[in-house]
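Undergrad: Starting from these lines, generate the structure:
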Amino acid sequence: MRGWRSLAFVALGVACSSDNDTGPGNPPDVPATLSSTTLDGAIALTWTDNSYVSDPDNFQNYRIYSTSYTIDAPAGTAPCGTDWRLEGTTVAPEFLVGAMVNGVSRCFTVSAMGVDGAESNRSETKFDTPRPDSRNQVIYPIQAKPDS
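TA: Just a heads-up that it's a prediction; the model follows:
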């Protein structure tokens, strides 16, 4: 009977060994060179597809986040808010954030998800402000024509 107990303890020790990788997995590379294009009621985001290109077998999708932006934030403080929300996911290195209010700025960032659920760090932040379409309109400096 004593030999059976010893075998059970050895089996439990092997099963609970910390030699196995129990972490969240291997996150993809951080998406690089985030840029934006201002649209009417929307912002088009693009970034380098390095997260997929560097390891296609580990890539699942990109996650796009946004938060508020304060244009007149005091010196030494971050203009981007801290309440980040998920805008959506995509497998392409581009995303259209729609249903935005013209004139209201937002900060954006992107991360990459691995197939095992590991998420990369977020990209650099980028802020932009959606604006109405202004083609074929003349715009003057406020000092020259305050009403135009």
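Undergrad: Pick out the residue nearest the middle of this protein.
TA: Taking Cα atoms, centre = their mean as the criterion, residue 110 is the residue nearest the geometric centre of the chain, at 2.0 Å.
Undergrad: hang on, it is in a helix, isn't it?
TA: No. Read with DSSP: H, G, I helix; E, B strand; the rest coil, residue 110 is strand and lies in no helix.
Undergrad: isn't it right up against residue 29?
TA: No. Taking contacts as Cβ atoms under 8 Å, residue 110 lies outside contact range of residue 29: 11.7 Å. C-betas here are computed from N, CA, C, even on glycine.
Undergrad: How much space separates residue 73 from residue 79?
TA: 4 Å (Cβ to Cβ, to the nearest Å).
Undergrad: Those two: who's more crowded?
TA: Just comparing residue 73 and residue 79: by other Cβ atoms under 10 Å the higher neighbour count belongs to residue 79, 15 against 12.
Undergrad: Surely that one touches residue 127?
TA: Yes. Counting by Cβ under 8 Å, residue 127 is a contact partner of residue 79 at 7.0 Å.
Undergrad: Need the residues touching each of these two.
TA: Among the neighbours of residue 79, those also in contact with residue 127 (Cβ atoms under 8 Å, 6 or more residues apart in numbering) are 69, 107.
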